[in-house]
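Enquirer: model this:
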Amino acid sequence: MKPHPNVKFLRKGVLPHKFCLGCGCGQVLNYLLYAMQELNLDMNKVVLLGGVGCNSRIPVYLNADAIHGTHGRTLALATGIRLTNPELKVIVITGDGDCFSIGTNHFVQAARRNLDVTVILINNGIFGMTGGQAAPTTPIGSRTSTSPRGSVENVFDMCKLAEAAGATYVSRWTTAHNRSAIRSIKKGIEHKGFSFVEIVSQCPTYFGRYVLKISTEKPLEHLL
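Expert: This next block holds a predicted model:
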């Protein structure tokens, strides 16, 4: 049997992946593989960066140079790489908590400079790896491990912030929009300037456990 054309982009010996059953991170990894295959990228000229979170494992599975950075600091590292070698394609894989809680300032400054990188942000509406805490994207009224009586904070619209900060390519899809997400990732990689691709994703483990299960079983009478 002929191997799948995307296999050449995967690092040997790291599979199967460690994502939870039903997690959207595996889908986004697949979309990125298809985008790379359709663009016929030279993986010797690609650098991937991951921060802290479930999504940050995606670069580990790809056959390219990768950096696993500290929480929220991937765009600071990406800036250094772009300045050192402008010929490289720099792709940042991040999450809503990593990029828009801890790393907000780095994101704003990178977008303001129109840094030539592609940011693929997986938005699962919660801190999925570190215990199910409320994130800047957690729906208002949702119960989480840090908001047991319901979150009282408004949701962060990351695409609006990206546009306002100066990003020159911005898109948003969900994991259900497979071809659209792949096309947007391709456009982001090809785009000259700061590209932001948000993919709204499911987290069956923590979002499902707290927000969907507890918030549905015990609905709030009102918000504090």
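Enquirer: for the rest of this, base every contact and every neighbour count on C-alpha atoms.
Expert: Noted.
Enquirer: let me see the ranges of the strands in the chain.
Expert: For the chain, the strands defined by DSSP state E occupy 46-50, 65-68, 89-95, 118-123, 169-174, 195-200.
Enquirer: any chance of a markdown table for those strands, columns mean neighbour count?
Expert: As requested, those are exported to a markdown table (neighbours: other CA atoms under 10 Å):
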| stretch | mean neighbour count |
| --- | --- |
| strand 46-50 | 23 |
| strand 65-68 | 18 |
| strand 89-95 | 26 |
| strand 118-123 | 27 |
| strand 169-174 | 19 |
| strand 195-200 | 25 |
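Enquirer: hey, least reliable of the ones you listed by pLDDT?
Expert: When the strands of the chain are compared by mean pLDDT, strand 65-68 comes last with a mean of 89.
Enquirer: strands paired with it, and their directions?
Expert: Strand 65-68 pairs in its sheet with strand 46-50 (parallel), by DSSP bridges.
Enquirer: quick one: distance of the strand it pairs with to the chain centre.
Expert: On the basis of CA atoms, centre = their mean, to the nearest Å, strand 46-50 sits 12 Å off its chain's mean C-alpha point.
Enquirer: ok, now stretch 73-92?
Expert: On CA atoms, centre = their mean, the centre of stretch 73-92 falls 16 Å from the chain's centre.
Enquirer: pull out the buried positions in that stretch.
Expert: Buried positions in stretch 73-92, judged by neighbour count with 16 or more other CA atoms under 10 Å: 73-79, 81-82, 88-92.
Enquirer: what are the contacting residues of it?
Expert: Stretch 73-92 is contacted by residues 45-51, 69, 103, 106-107, 110, 115-120, 189 when judged by CA atoms under 8 Å, 6 or more residues apart in numbering.
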